[in-house]
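Enquirer: Would you be able to build a 3D model of this:
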Amino acid sequence: MREIAAGLFMSLDGVAERPDRWMGQYWSDEMSEGIAESLAASDAILMGKDTYLAFEEMWKPQGDSNPMATFLNGTHKYVVSSTLDEASLTWPDTSLITGDIAGEITRLKEGPGKTIRVPGSPKLVQWLLAEGLLDELALNIMPLVAGEGAKLFDGTGKEIPLKLTRANALKTGVIGAVYTRA
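Expert: Here you go, the predicted model:
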């Protein structure tokens, strides 16, 4: 069975929305290596509508100019949305998940392949956690209080126990932490 693994950048106060506004100063080769390892273990991407639209605009035009663009442009993408339709998915190798979202994601997990990676998409990650569909949550926690923005764990509505499986303090002060369900 395939696993679903999410990777997000988060501030100390839990903000996961628009990390491009504040994470740049903490980017490092260590972080790049960790992300490269996670991408190598993955062969599909699952994301929400907002992340899809932002990533398509940013990464699609880059072709194979860097490892992240190569991965995103060459990997099948699954987009969870109740407002997009197939015609609005213009990035090659993209499928829409709508309707019975939990059932569709469960079928993806039961299929053959490597890990299904969730880059960003904090609302989707929160939903996957609540539904018991997320197997791994990797956080790069920046040494910064963002002060505003959507928080990863706002409104989960229930307690979700997690188990820390790896942690690494990077030279920039970022904490890389990987959790699985407890």
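Enquirer: okay, the lowest-mean-pLDDT helix or strand in the chain in PDB with CA atoms only?
Expert: Least confident helix or strand of the chain, by mean pLDDT, DSSP states H and E, is helix 29-40 with a mean of 88. Extracted in PDB, the C-alpha atoms of helix 29-40 (Å, rounded to 0.1, in the frame of the first residue of the first chain):
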ATOM      1  CA  ASP A  29      21.600  23.000   1.100                       C
ATOM      2  CA  GLU A  30      20.600  20.900   4.100                       C
ATOM      3  CA  MET A  31      17.000  21.700   3.400                       C
ATOM      4  CA  SER A  32      17.400  21.000  -0.300                       C
ATOM      5  CA  GLU A  33      18.900  17.600   0.400                       C
ATOM      6  CA  GLY A  34      16.000  16.600   2.600                       C
ATOM      7  CA  ILE A  35      13.500  17.700   0.000                       C
ATOM      8  CA  ALA A  36      15.400  15.900  -2.800                       C
ATOM      9  CA  GLU A  37      15.300  12.600  -0.700                       C
ATOM     10  CA  SER A  38      11.600  12.900  -0.200                       C
ATOM     11  CA  LEU A  39      11.000  13.600  -3.900                       C
ATOM     12  CA  ALA A  40      13.100  10.500  -4.900                       C
END
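Enquirer: middle-most residue in the protein, spatially?
Expert: For the chain, the residue nearest the mean C-alpha position is residue 119 (2.3 Å; CA atoms, centre = their mean).
Enquirer: wait, isn't that residue in contact with residue 52?
Expert: No. Look at residue 119 against residue 52 with CB atoms under 8 Å: they stay out of range, at 10.3 Å. C-beta here means a position set from N, CA and C on the backbone, and glycine is covered the same way.
Enquirer: Right, I'll leave it there.
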